[in-house]
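K.L.:
A predicted structure for the sequence below; I have some questions about it.
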Amino acid sequence: MTDLTRELMLINGAEVQSISGRWISVENPSRRGEVLAEVPRAIADDVNIAVKTAFESFRLWKEVPISHRGDILFKIADALLEEVDELSRTVASENGNIISYTRSEVKNASEKFRYYGGLASEIKGNINPGPDGVFQYTWREPIGVVAAMMPWNSPLALSTAKIAPVLLTGNTIVFKVPQTAPLGVLKLAKTANRFLPPGVLNIITGYGEECGVSLVQHPLVGIITFTGTTDVGKKLLHHAADRVVLSTMELSGKNPQIVHKDSFQDYVIDRVIGAIHIDRMGQSCASGSRIYIHRSVFESFTKNLVKKIKSFKLGDALDVQTDIGPLANKRQYLKTISYIEAAMEEKNTNLVCGGLPSEVGPLAGGYYIEPTVFISKDNDTILVREEVFGPVVVLIPWDNEEEVIKMVNDSSYGLVAYIWCQDVVKAMNMAHSIEVGTVIINYFGGPTEGHPYGGVKASGYSRENCLEGVLKNYTQIKAVTLNTSYPPVE
């Protein structure tokens, strides 16, 4: 997008402006100050219209046979593959993820629609034994209007993980997309809308305090689904509790990687870096940003890790030669800087590479921060405790398995853990001792469709990406008991 454009919201199948008539500028993080487009600044009145529309559409959408809803998801999946180039460039421009990643993100979004479309035959109830003459059965039915919110770091993948199962199960949705990265989801939704009845999928754009709060408080909303920080998730849970509505929460993570002494090879180093999600500037809830390395290989592993990290090229997200793009927005850029400054002041933390960004030179024009590595002498420093959500990692040595498991579990978070170990039995035993929802051994890619993803403790309680999550998050059980011998035969 070279010329300033205005992208409208999607309500009741139509593209609409906000009632306020005001706009939000979407900035290109690769080039500070460059406005890519403007989107409407929605307020509570816009939310009310969107939710009422979704509520009315729910009455009709839930009656559509689920096999037909599954077929619609297949059509959306095919349509997204035809728009890989445009969608990937849009997302790379608005949130700084490099173009190679955003292309894979579009394909992943298509796969998600296809996966959930294939679950149509699995949304079903049970028959239960009863007394003589009594027939008991259950079925699963949709709940109503889903209020959805998510962060800006992977807008297509995260939005699709909610939109696809919501549509499959017969619910309708009002999605408040992040104001700093709304363009990709708007385009995706408008593509999906070609195959959907009006009002089933609605997208609003705006600030959390102006329209997000109104959305989760709306009396016609039946479910709140959220991916984002634990702090915001706690606030949303209060709203859910006040109204006694269902909620799903996929929240923050401070994810450990455990490197055993038998895993000092270039192969492992490359994959440890992959698990940091360095190609996304560490802006992933699954980023393995606290790395526990066995003391016997700590020095050599650190040296080779830093050498590899220093070889990456920072630059414009749309440049195919770029390995690492900018931080997604000014707020995240300043937040990451504040963490680097705080870590540099701690006595038990030493800077190894990277650090504060330069205010001059070619990278000063965007929100660029070089990958930054610290060593922590203990397990109680700010980078061990808190999620940075930036290209900042901390390395901690360990001596024995009991010690490292204790350090790993000494965290308020419990989303993902990575284990690097040639002894598979040892790794699997360790996996059962770690307090997280997802353990990944000798691998750094995300779960394939159908494999549950989610956390424990302050990282949330929901599971997405799987049939179990669909059934628990977006359907409710209705139980029916029928006396087949009524009236009694005289």
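P.N.:
Now that the structure is in, tell me what you want to look at.
K.L.:
CA atoms for contacts and neighbours, from now on please.
P.N.:
Fine.
K.L.:
could I have stretch 160-174 exported to PDB, CA atoms only?
P.N.:
In PDB, the C-alpha atoms belonging to stretch 160-174 read as follows (Å, rounded to 0.1, in the frame of the first residue of the first chain):
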ATOM      1  CA  THR A 160      -8.600 -17.700  12.300                       C
ATOM      2  CA  ALA A 161      -8.100 -19.900  15.400                       C
ATOM      3  CA  LYS A 162     -11.200 -18.300  16.800                       C
ATOM      4  CA  ILE A 163     -13.200 -17.400  13.700                       C
ATOM      5  CA  ALA A 164     -13.200 -20.900  12.100                       C
ATOM      6  CA  PRO A 165     -14.500 -22.900  15.200                       C
ATOM      7  CA  VAL A 166     -17.000 -20.200  16.000                       C
ATOM      8  CA  LEU A 167     -18.500 -20.400  12.500                       C
ATOM      9  CA  LEU A 168     -18.400 -24.200  12.400                       C
ATOM     10  CA  THR A 169     -20.300 -24.600  15.600                       C
ATOM     11  CA  GLY A 170     -23.100 -22.200  14.600                       C
ATOM     12  CA  ASN A 171     -22.200 -19.200  16.700                       C
ATOM     13  CA  THR A 172     -21.800 -15.700  15.400                       C
ATOM     14  CA  ILE A 173     -18.900 -13.400  16.200                       C
ATOM     15  CA  VAL A 174     -18.000  -9.800  16.800                       C
END
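K.L.:
how would you label Ile173: helix, strand or coil?
P.N.:
Assigned with DSSP: H, G, I helix; E, B strand; the rest coil, Ile173 falls in the strand class.
K.L.:
Which parts of this structure belong to which domain?
P.N.:
Using automatic domain parsing, the domain ranges for the chain come out as 5-251+460-478, 256-441.
K.L.:
And those domains: which comes nearest Pro452?
P.N.:
Of all the domains of the chain, domain 5-251+460-478 sits nearest to Pro452, with 5.2 Å by C-alpha to C-alpha.
K.L.:
Packing partners of whichever strand or helix holds Lys107?
P.N.:
Using DSSP states H and E, Lys107 sits in helix 99-117. Applying 3 or more C-alpha pairs under 8 Å, 6 or more residues apart in numbering; DSSP states H and E, we find helix 99-117 packed against helix 66-81, helix 84-95, helix 155-168.
K.L.:
Quick check: mean pLDDT of the next helix or strand after that helix?
P.N.:
Proceeding N to C from helix 99-117, the next assigned helix or strand is strand 127-128, under DSSP H and E. Strand 127-128 shows a mean pLDDT of 93.
K.L.:
Partner strands of strand 127-128, with direction?
P.N.:
Strand 127-128 pairs in its sheet with strand 134-142 (antiparallel), by DSSP bridges.
K.L.:
now the strand it pairs with and helix 155-168, what's the angle there?
P.N.:
150 degrees (axes from the mean of the first three to the mean of the last three C-alpha atoms, to 10 degrees).
K.L.:
Buried residues of strand 134-142, list them for me.
P.N.:
Phe135, Thr138, Arg140, Glu141, Pro142 (16 or more other C-alpha atoms under 10 Å).
K.L.:
how far out from the middle of the chain is that strand?
P.N.:
Distance of strand 134-142 from the chain centroid (C-alpha atoms, centre = their mean, to the nearest Å) equals 33 Å.
K.L.:
Could you identify the helix or strand that succeeds it?
P.N.:
strand 145-149.
K.L.:
Specify the local secondary structure of Val480.
P.N.:
From three-state DSSP, the assignment for Val480 is strand.
K.L.:
Arg140 is in contact with that one, correct?
P.N.:
No - applying C-alpha atoms under 8 Å as the test, Val480 and Arg140 come out as separate, 11.4 Å apart.
K.L.:
Show me what Ile11 bridges to in the sheet.
P.N.:
With DSSP bridges as the rule, Ile11 is bridged to Ala14.
K.L.:
pLDDT weak spots in this protein?
P.N.:
1-3, 489-490 (pLDDT under 70).
K.L.:
overlap in contacts of Val480 and Arg140?
P.N.:
Common contact partners of Val480 and Arg140 (C-alpha atoms under 8 Å, 6 or more residues apart in numbering): none.
K.L.:
Adding distance to Thr448, write the domains of the chain out as JSON lines.
P.N.:
Formatted as JSON lines, the domains of the chain follow (distance: least, C-alpha to C-alpha, whole Å):
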{"stretch": "domain 5-251+460-478", "distance to Thr448": "8"}
{"stretch": "domain 256-441", "distance to Thr448": "12"}
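K.L.:
Toward the C-terminus, what is the element adjacent to the one helix or strand Val185 maps to?
P.N.:
Secondary structure assigned from DSSP H and E places Val185 in helix 183-192. Next helix or strand after helix 183-192 toward the C-terminus (DSSP H and E): strand 201-205.
K.L.:
next one: that following strand to chain centre, how far?
P.N.:
In terms of C-alpha atoms, centre = their mean, the centre of strand 201-205 is set 18 Å apart from its chain centre.
K.L.:
residues in contact with that strand?
P.N.:
9-13, 39-42, 46-47, 50, 54, 163, 172-179, 182, 186, 189, 193.
K.L.:
for that strand, which positions count as buried?
P.N.:
Applying a neighbour-count criterion of 16+ other C-alpha under 10 Å, one finds Leu201, Asn202, Ile203, Ile204, Thr205 buried in strand 201-205.
K.L.:
just curious, which of those residues is nearest to Tyr486?
P.N.:
Ranked by distance to Tyr486 (C-alpha to C-alpha), the buried residues of strand 201-205 are led by Leu201 at 44.0 Å.
K.L.:
pretty sure Ser459 is touching Leu415, no?
P.N.:
Yes - counting by C-alpha under 8 Å, Ser459 touches Leu415, with 5.4 Å between them.
K.L.:
Need the residues touching each of these two.
P.N.:
The contact sets of Ser459 and Leu415 overlap at Ser252, Gly253 (C-alpha under 8 Å, 6+ apart).
K.L.:
hmm, back to that, which two of the buried residues of strand 201-205 have the greatest separation?
P.N.:
Using C-alpha to C-alpha, the pair of the buried residues of strand 201-205 lying farthest apart is Leu201 and Thr205, separated by 13.6 Å.
K.L.:
picking that back up, tell me the gap between the helix holding Val185 and the middle of its chain.
P.N.:
Centre to centre, stretch against its chain (C-alpha atoms, centre = their mean), the figure for helix 183-192 is 17 Å.
K.L.:
Okay, buried residues for that helix please.
P.N.:
Quick answer for helix 183-192 (16+ other C-alpha under 10 Å): Leu183, Gly184, Val185, Leu186, Lys187, Leu188, Ala189, Lys190, Thr191, Ala192.
K.L.:
Show me which of the residues you listed is closest to Val268.
P.N.:
Using C-alpha to C-alpha, the buried residues of helix 183-192 come closest to Val268 at Gly184, 33.7 Å.
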